[in-house]
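Asker: Got a predicted structure plus its sequence, pasted below:
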Amino acid sequence: MITLASPQREEREVKRSRFIAVAARADRPEEAAAFVDAARDPEANHNCWAYRIGDAYRFSDDGEPGGTAGRPILAAIDAQRLDHVAVVVTRFFGGVKLGAGGLARAYGGAAASCLRTAPKLEVLPTVAALVRAPFDAVGAVYAALERLGAARGAERYGEGGLELDIEIGAARFEELRAALGDATRGRATTTPRAP
């Protein structure tokens, strides 16, 4: 997935109305809602917004005519194939009515321009898993994890040996499972954790 590496802000004027677009990464709907609340300007006429987080999305026209603000902002996110992104476009009315088409172009254009200039980040899918291994296989487990780029998390030792939380790129999970089995003669097990 492609998302934003850092927040971005851009301002533009359309027929004397000022449009301020701010965008940021949001990994959960709660984060998107918090970003929208923080980005709102109570002095503005409208604070319209949209977010896309995987299959989850929402948008708001915040008092503008239906379909003229939130949906074009969401379309700007989708057109750039971004994910885990929230955008707020704030409008300070300048006295000239833009009409439905003009509003859609202004809101969508402000969002698209802000997103185009924002630094991007590619995030690859990962798998969280639990590794179990006897004490005498711990060195082989650590070596395989390091070689395949798995991130080590919490470790627990019990009567049966090591329990270790790990995270690895989804594309390398089966390779890791096979490598751990080979390195420990089948004594280490790797079980994916539920998301």
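Answerer: Everything's here; your move. Numbers count the residues shown, from 1 in each chain.
Asker: make it CA atoms for all contacts and neighbour counts henceforth
Answerer: Noted.
Asker: give me every residue that touches the most centrally placed residue in the chain.
Answerer: In the chain, the centroid-proximal residue (C-alpha atoms, centre = their mean) is residue 84; its distance is 2.8 Å. In this structure, residue 84 makes contact with 3, 25-28, 51-54, judged by C-alpha atoms under 8 Å, 6 or more residues apart in numbering.
Asker: can I assume residue 32 is in contact with residue 51?
Answerer: Yes - counting by C-alpha atoms under 8 Å, residue 32 sits close enough to residue 51 to count as a contact (6.7 Å).
Asker: of those two, who's got more company?
Answerer: Each of residue 32 and residue 51 has its neighbours counted (other C-alpha atoms under 10 Å); residue 51 has more, 31 against 25.
Asker: Mind listing the residues bridging to that one?
Answerer: residue 58, residue 86 (DSSP bridges).
Asker: correct me, but it touches residue 82?
Answerer: No - under the criterion of C-alpha under 8 Å, residue 51 makes no contact with residue 82, lying 10.0 Å away.
Asker: Could you report the pLDDT at the nearest residue to residue 64 once chain neighbours are set aside?
Answerer: The spatially closest residue to residue 64, leaving aside those adjacent along the chain, is residue 46, at 7.3 Å (C-alpha to C-alpha, 6 or more residues apart in numbering). Reported pLDDT at residue 46 in the predicted model: 96.
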